[in-house]
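Colleague: using only what follows, build the 3D model:
(one chain, ligands or ions: 2)
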Amino acid sequence: MDEFTPEELEEGRVLFARPATFVLGCAKIEQLPEPDLPEIAFAGRSNVGKSSLINGLVGMHKLARASNEPGRTREVNFFDLDGKMRLVDLPGYGWAKASRTTVKKFQDLGRDYLRGRVTLKRVYLLIDSRHGLKKVDDEALDALDLAAVSYQIVLTKADKLKKGEAEKVQAATLKAIAKRPAAFPAVIVTSAEKGVGMPELRAEIMRTTGATL
Ligand SMILES: Nc1nc2c(ncn2[C@@H]2O[C@H](COP(=O)(O)OP(=O)(O)O)[C@@H](O)[C@H]2O)c(=O)[nH]1
Ligand SMILES: [Mg+2]
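Modeller: Ligands and ions are numbered 1, 2, ... in the order given. As a prediction, the model looks like this:
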């Protein structure tokens with residue numbers, strides 16, 4: 001991640017301290033809100049920490065639901081950050097218990113959203129820092145490259161690793177995505193639980209969306 005000045009970090013903090021609200025959960029592509037605000041989407045396996053990351057960014061514990069139950073969030077959920085941008089919680093992939101038809105339905109929804117959304121500025125693809133990139137993640141990366149959507153990898157739950165280990169996974173992940181055309185060439189280490197990486201991610205989202213205070 002690029003370095004941020006103290007001013008940029010402070011602006012990011014102030015921006016994300018604005019009120020955030022749930023807009024709607026879409027189960028069908030026809031239900032998407034008007035594309036009238038910049039959007040940042042969060043994708044990744046079920047249980048990787050998408051909802052927790054959104055909660056961590058806005059400093060609210062219960063904005064996006066976070067649960068232990070894989071596959072509970074099967075809609076595209078939109079959150080409005082005080083009319084400045086929308087944060088989008090995409091359906092998780094890789095849940096074991098769902099039927100093939102259910103899985104396909106929600107993958108198609110995610111894909112349709114990614115392909116057609118003119119206001120989508122970036123996708124953050126979340127990877128559990130304890131596991132690194134898995135085959136199912138590679139498929140998601142392929143889909144993003146194919147859709148030519150700018151994306152960046154975020155390692156989650158870094159608090160669960162020993163000191164220095166997250167950096168090793170970070171380096172390995174960076175190497176693995178080096179040749180991917182739509183990948184942003186930096187990997188962010190985060191812990192939503194401990195607040196690690198949140199100030200930098202806020203500043204980066206502010207920069208990426210062009211949002212102002
Ligand atoms: N230790 C730790 N646990 C986390 C962190 N982020 C999420 N979790 C836990 O991981 C589980 C799944 O998180 P959730 O945000 O619901 O994942 P989602 O399915 O991708 O939305 C929950 O039990 C969270 O409490 C983190 O930074 N550190
Ligand atoms: Mg979730």
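Colleague: quick one: residues contacting Leu9.
Modeller: By CB atoms under 8 Å, 6 or more residues apart in numbering, Leu9 lies in contact with Pro199, Glu200, Arg202, Ala203. Glycine gets a C-beta too; all of them are placed from N, C-alpha and C.
Colleague: show me which of those is closest to Thr119.
Modeller: Here the nearest of those to Thr119, counting by CB to CB, is Arg202; it sits at 19.3 Å.
Colleague: the closest one reaches Val14, doesn't it?
Modeller: No - if you go by CB atoms under 8 Å, Arg202 and Val14 don't touch, sitting 9.2 Å apart.
Colleague: ok, those two, which is more surrounded?
Modeller: Arg202 (25 against 12; other CB atoms under 10 Å).
Colleague: any residues touching the helix or strand harbouring the more buried one, and which ones?
Modeller: Assigned by DSSP states H and E, Arg202 belongs to helix 198-209. Helix 198-209 is contacted from outside by 1-2, 4, 8-9, 11-13, 15-16, 38, 40, 56-57, 84-85, 121-122, 124, 154, 188, 190, 192, 211, using CB under 8 Å, 6+ apart.
Colleague: buried only: go through the residues you listed for me.
Modeller: 4, 8, 11-12, 15-16, 38, 40, 56-57, 84-85, 121-122, 124, 154, 188, 190, 192, 211 (16 or more other CB atoms under 10 Å).
Colleague: got the CA positions of the helix holding Arg202 in CSV?
Modeller: Only the C-alpha atoms of helix 198-209 are listed here, as CSV (Å, rounded to 0.1, in the frame of the first residue of the first chain):
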residue,chain,number,x,y,z
MET,A,198,-8.1,0.3,9.2
PRO,A,199,-6.7,3.9,9.1
GLU,A,200,-4.7,3.1,5.9
LEU,A,201,-7.7,1.3,4.2
ARG,A,202,-9.9,4.3,5.0
ALA,A,203,-7.4,6.7,3.5
GLU,A,204,-7.0,4.5,0.5
ILE,A,205,-10.7,4.2,-0.1
MET,A,206,-11.0,7.9,0.2
ARG,A,207,-8.3,8.3,-2.5
THR,A,208,-9.8,5.6,-4.8
THR,A,209,-13.3,7.0,-4.7
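Colleague: buried sites along it?
Modeller: For helix 198-209, the buried set under the neighbour-count rule, 16+ other CB under 10 Å, comprises Met198, Pro199, Glu200, Leu201, Arg202, Ala203, Glu204, Ile205, Met206, Thr208, Thr209.
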